[in-house]
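J.: have a look at this fold, sequence not included:
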C-alpha cells in the first residue's frame, strides 16, 4: 500500500526570497494527526484553522523547505490550498484515487488512476 504521494502545486509556495517551490509529498493521515490538530490552540480559537494544522502534519515535504509548519501552509495561494485539501480527501479515502472518464470517440467509460504530479 502506498502511504506517501508526490504532488506538484498549481501555483507554488513562494518563500521569503521570492523563490517558487512546487513539488512536494503528502503522507496518509493517522487518527492522531486529526486528534492532535483539534487540540491545537489556534484551532480552539478558530475551528476553520483545522485544515491548516492537519495539512502541516501530513505534507511532509515541499522542495527547498526543511520542515513544514502551519505558517508555510498559511502562506500558500488559495488554489494550492484547495489542491492539497482535495488531495488529502482523495488519498485518505478507502479506495485508491481514480477518475471516472468517458472516451469522447466511442463513449466507453473507464477509470484512470489519479496522478498528483505534473508531467512534461
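T.: Yes, it's here. For clarity, every value in this text was computed on a predicted model and none was experimentally measured. Residues are numbered from 1 along each chain as shown.
J.: what's the lengthiest strand in the chain packed up against?
T.: When the chain is scanned for its longest strand (criterion: DSSP state E), the result is strand 4-14. When contacts are defined as 3 or more CB pairs under 8 Å, 6 or more residues apart in numbering; DSSP states H and E, strand 4-14 sits against strand 20-27, strand 59-62, helix 78-91. C-beta here means a position set from N, CA and C on the backbone, and glycine is covered the same way.
J.: in the second one, which residues are buried?
T.: Within strand 59-62, the residues that count as buried by 16 or more other CB atoms under 10 Å are 59, 61-62.
J.: export the residues you listed as TSV, with columns for distance to residue 33 and pLDDT.
T.: Listed next are those as TSV, based on distance: CB to CB, whole Å; pLDDT from 0 to 100:
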residue	distance to residue 33	pLDDT
59	11	98
61	16	97
62	17	97
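J.: TSV for these, including distance to residue 51?
T.: Listed next are the buried residues of strand 59-62 as TSV, based on distance: CB to CB, whole Å:
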residue	distance to residue 51
59	12
61	19
62	16
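J.: and for the spatially most central residue of the chain, nearest residue in space, chain neighbours not counted?
T.: Taking CA atoms, centre = their mean as the criterion, residue 84 is the residue nearest the geometric centre of the chain, at 2.7 Å. Distances taken as CB to CB, 6 or more residues apart in numbering put residue 55 closest to residue 84, at 5.5 Å, once the chain neighbours are dropped.
J.: now the helix or strand harbouring the one you found against helix 78-91, angle please.
T.: Following DSSP states H and E, one finds residue 55 within helix 50-58. Here helix 50-58 runs at an angle of 70 degrees relative to helix 78-91 (axes from the mean of the first three to the mean of the last three CA atoms, to 10 degrees).
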